[in-house]
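Peer 1: please work out how this folds:
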Amino acid sequence: MPEFQPFVSPNENRPEFTFRAILLGSLFGIIFGGVTVYVGLRAGLTVAASIPISVLSISILRAFGRSSILENNIVQTTGNAGQSIAAGVIFTLPALIFLGFDLEYSRIFLLALIGGWLGVLFMIPLRRQLIVEEHGNLTYPEGTACADVLIAGERGGSLASRVFFGLGLGALYTLFQNENIFKAWPGTPEYQPDFGPAHILRGASIKADATPEYLGVGYIIGPRVAGVIFAGGVFSWLVLMPLIYFFGKDLPNPIYPGTIPIAQMGPSQLWSTYIRPMGAGAVAAAGLITLLKTLPTIVGALTSGFRNLRPGAAAAKAKPIRTENDLPMSVVVIGSILLVACMFFFLEFKPVPGAYVGWMANLAASLLVVVFGFLFVTVSSRIVGLIGSSANPISGMTIATLMATSAIFLVKGWTSPAFGALAITIGGVVCIAAANAGDTSQDLKTGYIVGSTPRLQQIALMIGVVVSTIAIGFTLNLMNTGLQTFRAAAQPWNISAAHPGVAIQNDAKRLPAQFPVLGPNNASVVHHKGEYVILNALGSPELADGKYLYSPTTGRIEVQWIQGIGSEKAAAPQARLMATVINGILSRKLPWGLVMMGVFLVIAVELLGIRSLSFAVGAYLSIGTTLAIFVGGVVRWFIDQAVKKAGGDASESESEISPGSLYASGLIAAGGIVGLFGVALKGYETTVGKGDILNFPHTFLDNSYVSVLAFAALAFSLYYFARKPLKK
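Peer 2: Got it, this is the predicted structure:
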């Protein structure tokens, strides 16, 4: 086989690591990191950002003078770090909320930074073996596709206009649709069936969060995966929930883990009380099954990785050519030691509030991060080369880390909630490292094909991790506070008595000074922080998990403080799964009947020959999310059929640089950016005690039929631009 020749010869020295490339890449890292947090928490899915970033970079740098393909590669390398770090963060760290702790910006920032840098550092000694030596065996599909985009741009191809169309139309639509901005029509049209005196199908709900990002995600993942995800939603919302109501409506008392009788519950309450634990069990089982299926690949990856970590002496002494110039091993070793020391001191001197565990446990946690981190970075890097980043079983690897860590803690007798927080800290860093290593591998593959300098790419990745991490922590907290709600939930409460699973939270700094409380008819009344004591419930037989506000004046719980993350608007299914795994092992306080139902549901789906992880995520998520994603998948199906009818190849519509995929990427970015603006606006309104600053006057548009028609029009625009050829 002839030796591979990159697009830019090793002897050429084109502009590469320039200030404008790093600046633009950092900007994209912030934007796409924030968008990934927003979309991932809501949809439970993430979409690769390297190709949209490459397309936009080619267009923007070209507008400011002549650009180099190596510059554009540095832009996408720097910017793509934001997407991969965000994915690792949202899959794990929000579990702290579900374990009864607060999210702190400094904690998110440092853990994401450590995980991100470990992912880059551990990939440095693996690059030559995985990217160069196995160039013909490990294709790295996303990295190769991104290289194709960069080469097409260098040769004069125009791809950016389709992304900009998606950005523009998606942003305009979101401004009017988003319930936190103009709210010109209902953002989530809903129909709750209830037929006849027998109340047939009561408890069910059919609705769609009609957002452009869900439409774009559905198009990109395709009709097959979108259909399986929606099937999970149909099973939960149109089969299980009406079944729960049918059998439970005549029972006078609550059924655990519920705290009110089933007859008094609406669809959202049935989902949060009974479907979420079942869905978490389903996602956990599906993740483990995925892990077991990829076990031969994982073993092979580890074997190959350790076998090839022995560079020859001659190779070490010879000065490498430009395209083989990596950062030295001394940077890897010293950097890793410093990061582990940094994590130990952070855990020791700034533990999770209420979760101090001692120096020995913190040292053990820091060492476990290195062991599991290197193990799964090696695995992740090889797996994405074989099957791509989208199929990388990050959740399964994180579950394995959490199970092993929690089992060690259980043997040692470390079972208090504080150790649950420590376990998710370990799992979070490992998950972030593995996620970033997978995308780092794709970026280095792109660089190998186009002829970049690996050392400069590795430095750019480090910069991208730092910059994007700043935005990711801010966005995560913004989502939690901007989407939080306060609901009237009056019930008698003797605060002097013992209540297992309920603790008084002394730290009240995250409770706004004043906040609107929604009554039974959604009437809003402003309450004040000084009136209440915060109660934190976790595994209580009296209260559902979460925070409550107790009034010493009335001697009652008056308000339920519903966090934004974990609500129907930001379900965070993977993080809920991680919390379920930890609670199941350490506290053993779970609604095991519901969890095991989810496990056996997944086994049944696997026996049918269906990929269970997609079905399990759909069963956990709100049907509002899965239905909107399914619409995007249906549009993709129509495009596939049209291409076939025209005698074209199916790969035309499946390509990541097809007109439809580029337009869908613009829709996702627009929905995320404008949606984040809406969340920030909502947070500001809650903080200052004002509502609907950008209130749109109520008109004939304020109707669910208008919402459906508007979403259909947006779906048609996706079909239109997917069929319209790109300009050459």
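Peer 1: am I right that residue 491 is in a strand?
Peer 2: Yes. If the criterion is DSSP: H, G, I helix; E, B strand; the rest coil, then residue 491 is within a strand.
Peer 1: for the residue lying closest to it once chain neighbours are set aside, give its distance to residue 193.
Peer 2: Spatial nearest neighbour of residue 491, excluding adjacent residues (C-beta to C-beta, 6 or more residues apart in numbering): residue 557 at 5.2 Å. Bear in mind the C-beta positions are built from the backbone N, C-alpha and C, glycine included. According to C-beta to C-beta, to the nearest Å, residue 557 and residue 193 sit 33 Å apart.
Peer 1: out of these two, which sits in the more crowded spot?
Peer 2: When residue 557 and residue 193 are compared for neighbours, residue 557 comes out ahead with 23 against 14, by other C-beta atoms under 10 Å.
Peer 1: okay, and the more buried one sits in which element?
Peer 2: strand 556-562 (DSSP states H and E).
Peer 1: check the secondary structure at residue 536 for me.
Peer 2: strand.
Peer 1: equivalent analysis for residue 197, please.
Peer 2: State at residue 197, reduced to three classes by three-state DSSP: coil.
Peer 1: count residues in the vicinity of it, would you?
Peer 2: Neighbours of residue 197 (other C-beta under 10 Å): 5.
Peer 1: residue contacts, it?
Peer 2: Applying C-beta atoms under 8 Å, 6 or more residues apart in numbering to residue 197 gives no contacts.
Peer 1: repeat for residue 20
Peer 2: 61, 64, 71.
Peer 1: try 6 Å
Peer 2: Residues near residue 20 by C-beta atoms under 6 Å, 6 or more residues apart in numbering: none.
Peer 1: correct me if wrong, but it is in a strand.
Peer 2: No. Judged by three-state DSSP, residue 20 forms no part of a strand; its state is helix.
Peer 1: what separation is there between it and residue 441?
Peer 2: Distance from residue 20 to residue 441, by C-beta to C-beta: 26 Å.
Peer 1: what mean pLDDT does the helix or strand containing residue 618 have?
Peer 2: Remark: residue 618 resides in helix 612-620, with elements defined by DSSP H and E. For helix 612-620, the mean per-residue pLDDT is 87.
Peer 1: go on, stretch 407-417?
Peer 2: Rounded mean pLDDT across stretch 407-417 is 85.
Peer 1: check stretch 335-348 too.
Peer 2: Mean predicted lDDT for stretch 335-348 stands at 90.
Peer 1: same question for stretch 296-307.
Peer 2: 62.
Peer 1: let's number from 13 now, not from 1
Peer 2: Yep, numbering from 13; the last one is stretch 308-319 now.
Peer 1: go ahead and confirm residue 431 touches residue 423.
Peer 2: No. Assessed by C-beta atoms under 6 Å, residue 431 is found out of contact with residue 423, at 11.9 Å.
Peer 1: those two: who's more crowded?
Peer 2: Ranked by neighbour count (other C-beta under 10 Å), residue 431 and residue 423 place residue 431 first, with 24 against 8.
Peer 1: contacts only, for that one.
Peer 2: 369, 421.
Peer 1: and for stretch 66-75, what's in contact with it?
Peer 2: Outside of stretch 66-75, the residues within contact range by C-beta under 6 Å, 6+ apart are 79, 84, 87, 88, 158, 161, 162, 165, 171, 172, 175.
Peer 1: by mean pLDDT, point me to the weakest helix or strand of this structure.
Peer 2: One helix or strand of the chain scores below all others by mean pLDDT, DSSP states H and E: helix 325-329, with a mean of 42.
Peer 1: and the helix or strand just after that helix, which residues are buried?
Peer 2: Using DSSP H and E, the helix or strand that follows helix 325-329 in sequence is helix 341-361. Of all the residues in helix 341-361, those buried under the rule 16 or more other C-beta atoms under 10 Å are 343, 344, 347, 348, 351, 352, 355, 356, 358, 359, 360.
Peer 1: quick check: mean pLDDT across the helix or strand just after helix 341-361?
Peer 2: As assigned by DSSP H and E, the chain's next helix or strand after helix 341-361 is helix 371-399. Average pLDDT, helix 371-399: 82.
Peer 1: please enumerate the strands of the chain.
Peer 2: Ranges of strands in the chain, per DSSP state E, are 202-203, 218-219, 497-504, 514-517, 526-530, 536-540, 545-549, 558-563, 568-574.
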